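In: Sequence first, predicted coordinates after that:
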Amino acid sequence: MTNAKGRNSSSYLPTNVYLWPLRRYTEMYRRSLEEPEAFWAEQAQKLDWFKTWDRVLEWQPPYARWFVGGKLNVSTQCVDRHVKTWRKSKVAIYWEGEPGDTRVLSYSTLFMEVNHFASVLKRLGVGKGDKVALYLPMIPELPIFMLACGRIGAVHTVIFSGFSPQAIADRVNDIQAKL
């Protein structure tokens, strides 16, 4: 089949606009293999670190330790860093439940909710290293609680609501959940 200009329209060659991401990916991939420590140090600079690492990679085959001595927090990476920018009023969570039931949380709102839930967990005696079992439906409070656990250094596990009561009890007991 030919088009109005007499060219074969059944084949499509993408323009440079579409090829640029592939070229960039290929270059990044090559560099990650040839200069892994420099490449990953550069990528890690894009994160907000509480303490910068002492060494990018400690390699003792078959074990690797990345960013040795560095400290960061998943909650800060997912929420706080966006509250400090133009993204603060952008959508962080868009949730749809039953027809007509929706909730939209901006990064600013998410920040406030995560801090509130972290405060609640602390008042309940949960702290760094404690384990929390989350048994919630797929509602915005689930990721909020997950981020709140990360904020205070607690470890969380999400328990699937389809488990039997005994399976739920086994999981909570196995992880020795404080809450």
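Out: Looks like it arrived, so ask away.

In: need the contact list for E37.
Out: With contact set as Cβ atoms under 8 Å, 6 or more residues apart in numbering, E37 has these partners: V56, L57. No exception for glycine: its C-beta is placed from N, CA and C like everyone else's.

In: dump the residue contacts of the most centrally placed residue in the chain.
Out: In the chain, the residue lying closest to the centroid (Cα atoms, centre = their mean) is C78, at 6.0 Å. Neighbour list for C78: L147 [criterion: Cβ under 8 Å, 6+ apart].

In: what's the neighbour count on the residue lying closest to Y135 once chain neighbours are set aside?
Out: Leaving aside its sequence neighbours, Y135 sits nearest to I159 (Cβ to Cβ, 6 or more residues apart in numbering; 4.7 Å). Residues near I159, counting by other Cβ atoms under 10 Å, number 16.

In: Quick check, pLDDT for I159.
Out: At I159, the model reports a pLDDT of 94.

In: Next, work out how far apart it and S75 are.
Out: 20 Å (Cβ to Cβ, to the nearest Å).

In: what's downstream of the lengthiest helix in the chain, the next helix or strand?
Out: If you go by DSSP state H, the chain has its longest helix at helix 16-34. Using DSSP states H and E, the next helix or strand after helix 16-34 towards the C-terminus is helix 36-44.

In: what ranges do the strands span in the chain?
Out: Taking DSSP state E, the strands of the chain run over residues 55-60, 63-68, 91-96, 102-106, 131-134, 155-158.

In: Least confident secondary structure element in the protein?
Out: The least trusted helix or strand in the chain, going by mean pLDDT, DSSP states H and E, turns out to be helix 16-34, with a mean of 87.

In: tilt between it and helix 36-44?
Out: 130 degrees (axes from the mean of the first three to the mean of the last three Cα atoms, to 10 degrees).

In: which helices and strands does helix 16-34 pack with?
Out: Using 3 or more Cβ pairs under 8 Å, 6 or more residues apart in numbering; DSSP states H and E, the elements in contact with helix 16-34 are helix 36-44.

In: Show me which positions of stretch 84-96 end up buried.
Out: A92 (16 or more other Cβ atoms under 10 Å).

In: ah, wrong one, I meant stretch 164-179
Out: I168, R171, V172, A177, K178.

In: and which of these is nearest S32?
Out: R171 (37.2 Å; Cβ to Cβ).

In: looking at it, the closest one is touching A133, isn't it?
Out: Yes: shown here, R171 and A133 form a contact pair, counting by Cβ atoms under 8 Å, at 6.8 Å.

In: which neighbours do the two share?
Out: T157, I159.

In: Provide the backbone phi and psi angles at the residue nearest to Y135.
Out: Here the main-chain torsion angles of I159 (degrees, to the nearest 10) amount to phi -100, psi 120.
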